[in-house]
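Asker: sequence first, predicted model second:
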Protein chains: 2
Amino acid sequence: MKIVCKVWLDQDGKAFGDGPHELLRRVEKTNSLHKAANQMGMAYSKAWGLIRVLEKRLGFPLLERKVGGLSGGGSNVTLKAKELMSNYERFRKEAELCVEKCFQEHFGSVQ
Amino acid sequence: MKIVCKVWLDQDGKAFGDGPHELLRRVEKTNSLHKAANQMGMAYSKAWGLIRVLEKRLGFPLLERKVGGLSGGGSNVTLKAKELMSNYERFRKEAELCVEKCFQEHFGSVQ
């Protein structure tokens, strides 16, 4: 027996969680929402729509678009998004640890 | 901004969580899986199937069936199920408190 814990930030609906965090992490690495969505088996239009909804709920932009240049443009993660990701990572890790601790306290004897 | 946290026990799939807990709580009050399912807007066949799956994953019976008598039968929650419910309630409450605490630590300044 194990415990599963899912968390997300809510602001009139889901505003941030594991899925968006992974998507942004992949944009950070690839500088491309196209590539990030593709890596996650997600349609680009769906990823784009998701980012727009999250930005609206959070109240700040997550991505900034680079236009043209030698690389032909792409997407960057904004500074505020990086800050959110880093806060979320720390929060997520601690939350998981304390839920696991509570689980062990109440169900530790159950195999 | 607030945090949402969903937890469930897993044993080769969902074995117990908020939904099953509520269903059993209602069986405890009504002595009837029919009434409990009905109160939750759930088909009886779905509730029955759910209980069977959970019992298989947990490895013990959640309900015992009373047959006949003046009241015409019904369902009781087993002692092991009551113990599970009570452990789950304590675990759930503590887990929620500690996740909220982690959230405040990392996102307390965010409105």
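Answerer: Looks like it arrived, so ask away. These numbers were taken from a predicted model, which means no experiment stands behind them.

Asker: can you name the next helix or strand after the helix-or-strand element of chain A with minimal mean pLDDT?
Answerer: Within chain A, no helix or strand scores below strand A:63-66, which has a mean of 88 by mean pLDDT, DSSP states H and E. Next along the chain after strand A:63-66, taking DSSP states H and E as the criterion, comes strand A:74-77.

Asker: count the residues that sit near A:Phe103.
Answerer: Neighbours of A:Phe103 under the rule other C-beta atoms under 10 Å in any protein chain shown: 22. No exception for glycine: its C-beta is placed from N, CA and C like everyone else's.

Asker: please read the previous query as pertaining to A:Val67.
Answerer: Neighbour tally, A:Val67, other C-beta under 10 Å: 7.

Asker: also A:Gly59?
Answerer: Counted with other C-beta under 10 Å, A:Gly59 comes out at 12.

Asker: before we move on, back to that, extract the C-alpha trace of the least confident helix or strand of chain A and format it as CSV.
Answerer: What follows is strand A:63-66, C-alpha atoms only, in CSV (Å, rounded to 0.1, in the frame of the first residue of the first chain):
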residue,chain,number,x,y,z
LEU,A,63,6.3,32.7,-22.0
GLU,A,64,7.8,35.4,-24.1
ARG,A,65,8.1,34.9,-27.8
LYS,A,66,11.4,35.5,-29.6
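
Asker: which strands and helices sit next to that strand?
Answerer: Judged by 3 or more C-beta pairs under 8 Å, 6 or more residues apart in numbering or on different chains; DSSP states H and E, strand A:63-66 is in contact with strand A:74-77.

Asker: which neighbours does the strand it packs on have in its sheet, and in what orientation?
Answerer: Strands that pair with strand A:74-77, judged by DSSP bridges, come out as strand A:63-66 (antiparallel).

Asker: return the set of buried residues in the strand it pairs with.
Answerer: Residues of strand A:63-66 classed as buried by neighbour count (16 or more other C-beta atoms under 10 Å in any protein chain shown): A:Leu63.

Asker: can you tell me what sits against that strand?
Answerer: Contact with strand A:63-66 is made by A:Leu24, A:Val27, A:Asn31, A:Leu33, A:Ile51, A:Gly73, A:Gly74, A:Ser75, A:Asn76, A:Val77, A:Thr78, A:Ala81, as judged by C-beta atoms under 8 Å, 6 or more residues apart in numbering or on different chains.

Asker: pick out the residue nearest the middle of chain A.
Answerer: A:His21 (1.3 Å; C-alpha atoms, centre = their mean).

Asker: residue contacts, that one?
Answerer: A:Met85, A:Tyr88, A:Glu89, A:Arg92.

Asker: try it again at 6 Å.
Answerer: A:His21 makes contact with A:Met85, A:Tyr88, according to C-beta atoms under 6 Å, 6 or more residues apart in numbering or on different chains.

Asker: could you list the paired strands of the biggest strand by length in chain A along with their orientation?
Answerer: Counting by DSSP state E, the longest strand found in chain A is strand A:2-10. Strand A:2-10 has its sheet partners listed here by DSSP bridges as strand A:14-17 (antiparallel), strand B:2-10 (antiparallel).

Asker: enumerate the residues of chain A near chain B.
Answerer: With C-beta under 6 Å from any C-beta of the partner chain as the criterion, chain A meets chain B at residues A:1-2, A:4-11, A:87, A:90-91, A:94-95, A:98-99, A:102, A:106.

Asker: can you give me the distance of A:Pro20 to A:Arg65?
Answerer: To A:Arg65, A:Pro20 is 18 Å away according to C-beta to C-beta, to the nearest Å.
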